[in-house]
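Participant: next come a sequence and a model predicted from it.
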Amino acid sequence: NAGVTQTPKFRVLKTGQSMTLLCAQDMNHEYMYWYRQDPGMGLRLIHYSVGEGTTAKGEVPDGYNVSRLKKQNFLLGLESAAPSQTSVYFCASLTPTSGRGSTDTQYFGPGTRLTVL
Amino acid sequence: SQQGEEDPQALSIQEGENATMNCSYKTSINNLQWYRQNSGRGLVHLILIRSNEREKHSGRLRVTLDTSKKSSSLLITASRAADTASYFCATSIGYSTLTFGKGTMLLVSP
């Protein structure tokens, strides 16, 4: 199993450009998450999904959109990139074993380093 | 805003010593988890402690939870150079999400 993979690994954008980050997991997990990590900060939740076709806002959703058309994929879109979106983006997934996903381990991808000039 | 706050922000020790990191949080939680992040990599789950538990062990890791003080500690015994990483606590309040602290950077020197 590849686990959680993220594409691309690195990207440089100019202000105003758009792009989509792809997260894929082969563990048949129900829940998927997108986080951003800035220097000296922990991870902050952008959006998450508790199942195919569903999405929800996290702590810092502004400027991002997501889609979960297939169970194994979770896409994060930036419609008009801004320098403030320069960050490392992590995807994570899990399957809730107890009916509450919060009690389970999240599995993380390797991250995408995005720079917006 | 961050729910969990780790202390210290950075910790430097010698191999063989114990490393203790603390996490304080603000609101009642369902459980608290500790994750490790090697430089430039994703996070890896270490251990979970539920709100009705006070102490948990996993190998060289010992986690305590004091819900009255809203705090947790992670102890790594007999540290190795390979333990060098950032350590994050994450708290669960709601149904399916975690809130991460800013992390403690641990440096273990040979």
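Facilitator: Alright, I've got the coordinates.
Participant: so which residue is dead centre in chain A?
Facilitator: A:Trp34 (2.4 Å; Cα atoms, centre = their mean).
Participant: a helix runs through that residue, doesn't it?
Facilitator: No. Per DSSP: H, G, I helix; E, B strand; the rest coil, A:Trp34 lies outside any helix segment and is strand.
Participant: from B:Glu5, how far out is B:Leu32?
Facilitator: According to Cβ to Cβ, to the nearest Å, B:Leu32 and B:Glu5 sit 12 Å apart. C-beta coordinates here come from the backbone N, C-alpha and C atoms, glycine included.
Participant: that should have said A:Gly58, apologies.
Facilitator: 19 Å.
Participant: for chain B, just list every one of the strands.
Facilitator: B:4-7, B:10-14, B:19-25, B:31-37, B:43-50, B:55-58, B:61-66, B:71-76, B:85-92, B:98-100, B:104-109 (DSSP state E).
Participant: my error: substitute chain A in the last question.
Facilitator: Ranges of strands within chain A are A:4-7, A:10-13, A:19-25, A:31-37, A:43-49, A:56-57, A:65-67, A:73-78, A:87-94, A:107-108, A:112-116, based on DSSP E.
Participant: below-threshold pLDDT in the chain: ranges please.
Facilitator: As the question left the chain open, I've gone with chain A. A:98-103 (pLDDT under 70).
Participant: sorry, should have said chain B
Facilitator: B:1-3, B:93-95.
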